[in-house]
Structure formats: structure tokens, C-alpha cells
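Trainee: just to be clear, the model below is a prediction. Sequence and coordinates:
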Amino acid sequence: MQSVGTNNFMEVVGVASERNSLSGSLPPKPKFEPLKAHEISGGQVQFRKVSVPPHRYTPLKKAWMEIYTPIYEQMKIDIRMNLKSRKVELKTRADTPDVSNLQKCADFVHAFMLGFDIIDAIALLRMDELYVESFEIKDVKTLRGEHLSRAIGRLSGKGGKTKFAIENATKTRIVIADTKIHILGSFANTKIARDSLCSLILGSPAGKVYSKLRAISARLAERF
Amino acid sequence: MANSSENGGGLEALLRLKSTDPPLFLSPSTDLSVASRLASQYLFSSLKPYTPKSPLDQLLTEGFDAEQIWQQIDLQSQPLISTIRREIKRFEKNPDQISKSFRMIEANGRLEGEIRGNGKVGLEQESDELEGLDDHTHDDDDEDDEEDDDLEGAPEEGEGRECGEEEEDDEEDDKGVESEDGGTGVEDEFLKIKELEKYLKEDEAREYGLENKKETSKDKASNVDGEEGDKDSAEEDERLALFGADDDYEEDNLENARYEDFFESKKTLRRKSKQGDDSDYSGGEDEREDDKAFGSQKKQVLSKHEEQLVKLRTEIEEMEKSNLDPKAWTMLGEVTASKRPKNSALEVDLDFEHNVRPPPVITEEHSLSLEELIKKRVTEMHFDNVQRAPKLPSKGPREVKELDDNKSKKGLAEIYEEEYAQKSGLISAPLSFSDELKKEASMLFKKLCLKLDALSHFHFAPKPVVEDMDVQVNVPALAMEEVAPIAVSDAAMLAPEEVFSGKGDIKEEAELTQEDRKQRRAKKKRKFKVEQAKRAAKKSRDTTLSDHNDGKELL
């Protein structure tokens, strides 16, 4: 296995070299052990690079160990921060158990960069079916100036209680970054949260959204 | 003598009755009744000598009511009246006897003139009283009727008939007296039928003389029974004829008042009926009489049998004729208003079915009974209030999960972890109390409750409401009262209609009416239109978005 240290963006570099032992007579049936994660890609190391936005620089510094530990220890992925390029780099190791770990870690770090908490983003590492959905306010409705500000205010609510209400009701996490909205959760829950947020953007009062949420949450609770 | 004193008292009573105002008789008074009784007794006893066969010695009034007193009087007066009648006939034959007998009695000088005058007056009174009489005449005898009225009224009301009675009684007394003075017993003569027959024939001759003079009088008398028989009418006529047959026109009219005077004769009626008027059937009698009169005029020497035959024949002829004639409108089948004379339906007693129950007559008792019923009901508090149909038990109120406004303390990972654990069954439903001891205690209590409930065959009383208790799982209270034991019961215990969350009644495709189908289609179209609009908006948005992105990338 050769590791190619490059400073490119998330490039996948695969070096293929295999030892061939071939004799004249028919060889016995080869016994292949299951491929390790990085061997699938031809024994090459895989990289992921996640850029860090400036406003997340300090929180990253603060929460570095919380990020590093689960990735390195449990997911068995190498992680480092490239200060020059302001990127977090992830790389598979030899003993990375699963090929998807790298992607999960990349998503985890990316979620953190979007603004989610570590404890929330950790769920990405633990569960497969969680997704992050992002959309902008202008995707829903073109708002300008005051209307936009008011819409953002409506989304969050007083002290963020509307946002928290949606989060608690739908078991998702929401990040409202100015005009961008990111929702983290399972597919169905994300959908519900998105619907609620869209209705808020379109102008429905919080009470209405609350009542809908109540009904939905009751239904969700009943299911389990 | 005691009699004389009684007589004196009776006379006094009579005079007193005569002097009292008629209206006073209308109100019952003991004075008047006592006086009346005395007067009746006096009269009775004074008439006693003329009725040797009467069983009563004197009128018994003590403790008897009007009806009984009347019956006693009637008992006495019936033979007396017949006697008097006979006497009158006798006097008719021999008018000289009257003057003779009257001259003998000097006490009542006024009677001479009175007889003549009284004849008229008495007749007038008779006719007056006849007018007043209605249903209680069982006789056609005037004097009888008079007595009826007088003595019925004696205990309660006298209408001035006492005066008439007085006069009549005087007359009767005199006649009775004179007949006695005359000598021969009246009863013997009465039984001679041949003489009566002879007299009848003579009377008939007189009748025809009277008939020519007669005119239809307008007075209606209560003696409707013109049909009663020729004899009665003949007697009546003869008696009337006695009192001045050849006197004034007015007298004639009154004395010879006949059936035809009061009711139209059949001849005139026949003429009218041909014109289409009502025919009064009661004119038949007169017709018959006419025919008979004419017949007898022609053949005076017919035997009785022949006379009967003639009568029959005339009757038959008349019947045949009526059969051939067009029938009266009442006898025709269906009659419209045009076929019958105006207002004729009012006179005929029509009989038709009333399909409507007659309205209840509101009497005092009826309303009283109603009030009683109301009072009883009110005391019993037994009202007929309309019971509201009980609403179906709604679904059990679901546990309302309040929205938490605060930032959740658990991380998303933890939430999903718990969810997964619940789903997989590693961790049971979230309990309100987390303490181990509490859990254990609740477990034990549940077991105990189960055993206790089994004791009462799982008939539960609903749990009392305790505010401080945190009941997580909300089971409808009604579920507790179901008969089914817990072990086999469903947790929800809701009927299908309670589980059903739709609205209204759901119609199948086949059941829809045309309007329903139209409505559904219109609804679908509306929805489709809305969706179309949405999609169009989305498309436009997407295009704008892509435009936007392109713009950005370029930058």
C-alpha cells in the first residue's frame, strides 16, 4: 500500500499493485479473505476533505477532541486539520472496518461545519439513515428586506422556541443560518420538519404550526 | 165539621193563589206550595161526590211529590171528564134542560151569562192552553190537559191557570151538579154505541155545513193527531160545534178549527207538489175525510162494509196515483242541488257518515280530571320530557403530548438510540417514575389489583380522579365498566363506529346519486387545478433556482 500525500481536494488516489504468485500447474482455489475497507478501492487510501468556514473555526478548535476521538477510535479513520488550507482531512487506515466509515465521518464533520452540535452530529456516525437536508428561504418564497427578516424571526420564534418545538416534535435538529436552513434527521422526520418550516416561511402563524405538530407527534408517538 | 173548616182553608188557599203574582210562582216557595196543596185538596174533596167510583177519599198531599199528587187527581178526574162529556152531549140534545137546571141554582147568578160568555172564554182559554201544551198531552181532551198543567204546577209554579182552572172547575161543578139534578145516570147512555153512531152521522151533516165556511186558520195547535181516527176528530168537532155552531165568523173559525186549518189539506198540497213544492203527508187525513164526505153525500145509504170498501178503494187509488207520479226528490237516487228545490236539504233529516270523531265536549269534569292528572304528575315528578339520545362514547382522550419549547437536553443520537431501543424491545415504555423501588412496588400492587379484580369478576368502578397522580396511559373510563374481563379485553375497547374517524356516511360507488357524482367530480377538478398551479409554481421556482446557481458558478 502506498500512500500518496497530495494536497488536492478530496481526491481518491488508488494505487494498484498486487503480488502475483503463479506456477505452472493449476493453482489451488484461491482463498480470499474478505477485503478490508481500503482494499476494495485497490489498496489505495481514500481521502475526504471537509472545508471549514471561518465562523466555525473557533468552535472546531474548542470541540476538536470530541470530533477526533470517536472518529479515530471508533471509526478508525485518520483525521487531521490542514490549517493552511483550512480543511479537515480524513483518510482511511489499514484497519478501517467498513468502507462506509469514511463517508460517515466526512458527513459528521460536514454537519458540524454546518452548525450542528457534536452530540447531534454524532448521530450521523451511529445511524445510517440520517440525512442532512439544506434549503434556502428563497427556494420557498422570494422575500426581500423586512419580510425576509420577519420570516427568519418567525422560523426561530421567541428565544428559538418555535425551532425547538419543531425539533422536539419531529426528532430532528435544525440549523437556521441566516437564509440557509439545514435539517438533520431521518428521512420522514426531515420531511415533516421541512413542511413545518416551509409553512412558517410562507407566513402561517406559529400556533397553527404548533397544532399541526401536535397532531403529527401524537401520530408518531402512537406508531411506536 | 172538620170538612167545613178544611173547605174554608182550601178556599182561602185558592183565593191566595189566585191573588199572587204569576212571576212569584216561578221561584219555589214553601208558602205557595202549601197553599197549592191545600187548594188541590179542597178541589179534590169538592169533586169527590161526583166520582162515586174513585178509590181515594181525599187527596193525600203529605209527603207526596208532584207526580204522585197528579196521579191521584188524574185517577179522580178521568171518569169525571167522561161524565161531563156525556152530560154536555145530553145538554146539546136538550138545550132546555140547561136553563132549567141553571135556574135551580140561584147561588151563582153569573153563570147564566157566563155559560154563554164562558163558552167563548173557556174555548179561548182552551185554545190558549192548547197552544201552550206540547208533549205531555196523552189525550186530546182539553180539560184533561188543563188539569195536567194546573196540578203539575200546583206545588211549584202556577201560571195563572189556576184562574182558568177555577172557572173550569166551577163549570164542571155546575155541570156535574145539574147532571145529578137531571136525574138519569150518564154512564148508561155512554155505552150505547148505536146512539153514538146515529149522532156521528148527524154530525157529519153538520160538518159539511161547517166545511164550506171554514178557512185555513193560522193557529197551530198541539193536537197533531189528526190521524188518530175519525171518531176523535168527530168528537172534537161535535164538542166544538156545541158551543155556537151558527155564531160569528170568528167563533166559527175557532170552534170549527180542524186539521185542515192547521195543516194544508191534501188537495192543495197535491197542487203544490205538482209545482214542485214539499208535500205534507199529513194532509192525507183531510183528503180521506173529503172523499168520504163527498162519497157519503152521494150515497147516504151505504152499509158499513161498503163504506169500508169505498175507503179502501180510495186509498188504493191514491197510492197507485202516487206511485205513478214522479217521486219526491228524497226518493230519487242521487240528487244534485239543481234537482231539488232551494233549501230543501235543510228540512230533510239527512244522514251521512261523519268520519271525524266529534270534538270533545269540554265540561267541568273533563277539565277537573285534567287538572287532577296534572297535579298527580307534578307531585310524582313523572314528566314526559323528551329524552336526548345519548351520544356515543367518544374515543378515549388520547394522551396529549405537549410540545416542548425548550432546547432538548438529549442529543439527537440519544433520542434515536432510545427510539431504537424501544422498537427493538430492549427498553419498555417510558415510565413516569424511574425509581427501582417504585417500579417494584407498582409491580406488586398490580398483581394484587389483579387478584382483587378477579374477586369482583372484573366489574370495575371507574378510578377516582386524583389530581396529583400522573397517569401516562389514558384508557377511557368506560373501558373499566365493560363486563369483559381484562384478560381477554382489547385495550381500546372501542366499537367500530368509535374507531372510525371519517365524517358522515360513506357511500359506495353504486349508491351515489347523480348529484353526488357531480359533486365528487367537481371536487376532483378543483383539487387538480390547485395541484396544477402548485406544480407550475414549483417549475418556475426550479428554473429560477437553476438560473441563480448558474449565475453563482460563473462568479
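Mentor: Received the coordinates, thanks.

Trainee: quick check, the helix ranked longest in chain A touching chain B?
Mentor: When chain A is parsed with DSSP state H, its longest helix is helix A:206-223. Yes - using CB under 8 Å from any CB of the partner chain, helix A:206-223 reaches chain B at A:210, A:213-214, A:217-218, A:221-222. Yep, even glycine has a C-beta here, placed from its N, CA and C like the rest.

Trainee: what's that helix packed up against?
Mentor: helix A:161-170, helix A:187-202 (3 or more CB pairs under 8 Å, 6 or more residues apart in numbering or on different chains; DSSP states H and E).

Trainee: deepest of those, which one?
Mentor: helix A:161-170 (a mean of 23; mean count of other CB atoms under 10 Å in any protein chain shown).

Trainee: quick check: next helix or strand after that helix?
Mentor: Moving toward the C-terminus from helix A:161-170, the next helix or strand (DSSP states H and E) is strand A:173-177.

Trainee: select only the buried ones of the residues of helix A:206-223 next to chain B in PyMOL?
Mentor: To isolate the buried ones among the residues of helix A:206-223 next to chain B in PyMOL, judged by 16 or more other CB atoms under 10 Å in any protein chain shown, type:
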select buried, chain A and resi 210+213+214+217
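
Trainee: ok, now how distant is A:A94 from B:P28?
Mentor: 143 Å (CB to CB, to the nearest Å).

Trainee: list the residues that contact whatever residue of the stretch 301-450 of chain B ends up closest to chain A.
Mentor: Closest approach between the stretch 301-450 of chain B and chain A, counting by CB to the nearest CB: B:G411, at 2.9 Å. Applying CB atoms under 8 Å, 6 or more residues apart in numbering or on different chains to B:G411 gives the contacts A:117-120, A:122-123.

Trainee: so which of these are also by chain B?
Mentor: Among the contacts of B:G411, chain B is touched by A:117-120, A:122-123 when using CB under 8 Å from any CB.

Trainee: low-confidence regions, chain A specifically.
Mentor: Along chain A, the parts satisfying pLDDT under 70 run over A:1-24, A:36-41, A:43, A:223-224.

Trainee: where along it do the strands fall?
Mentor: Taking DSSP state E as the test, the strands found in chain A are A:47-51, A:77-82, A:87-92, A:130-136, A:173-177, A:180-186.

Trainee: which residues sit against the fifth one?
Mentor: Just to be clear, that refers to strand A:173-177. So strand A:173-177 is contacted by A:114-117, A:120, A:152, A:155-156, A:163, A:166-167, A:181-185, A:193, A:197, B:412 (CB under 8 Å, 6+ apart).

Trainee: list the buried residues of that strand.
Mentor: A:173-176.

Trainee: so what's residue 57 closest to, chain neighbours aside?
Mentor: Reading this off chain A. A:R86 (7.5 Å; CB to CB, 6 or more residues apart in numbering or on different chains).

Trainee: actually chain B
Mentor: Leaving aside its chain neighbours, B:D57 sits nearest to B:K48 (7.3 Å; criterion: CB to CB, 6+ apart).

Trainee: my read is that the one you found contacts B:Q72, right?
Mentor: No - the criterion here is CB atoms under 8 Å, and B:K48 misses it with B:Q72 at 11.6 Å.

Trainee: that older thread, now the strands of chain A in TSV, with distance to B:K201?
Mentor: TSV is the format used below for those (distance: least, CB to CB, whole Å):
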stretch	distance to B:K201
strand A:47-51	161
strand A:77-82	163
strand A:87-92	164
strand A:130-136	142
strand A:173-177	142
strand A:180-186	140
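
Trainee: tell me where the stretch 301-450 of chain B has helices.
Mentor: For the stretch 301-450 of chain B, the helices defined by DSSP state H, counting those that start in this stretch cover B:304-324, B:344-347, B:364-380, B:412-424, B:436-455.

Trainee: deepest in the core, which of the ones you listed is it.
Mentor: helix B:412-424 (a mean of 16).

Trainee: which other helices and strands contact that one?
Mentor: helix A:118-126, strand A:180-186.

Trainee: give the partner strands of the last one in its sheet and their orientations.
Mentor: Strand A:180-186 has its sheet partners listed here by DSSP bridges as strand A:130-136 (antiparallel), strand A:173-177 (antiparallel).
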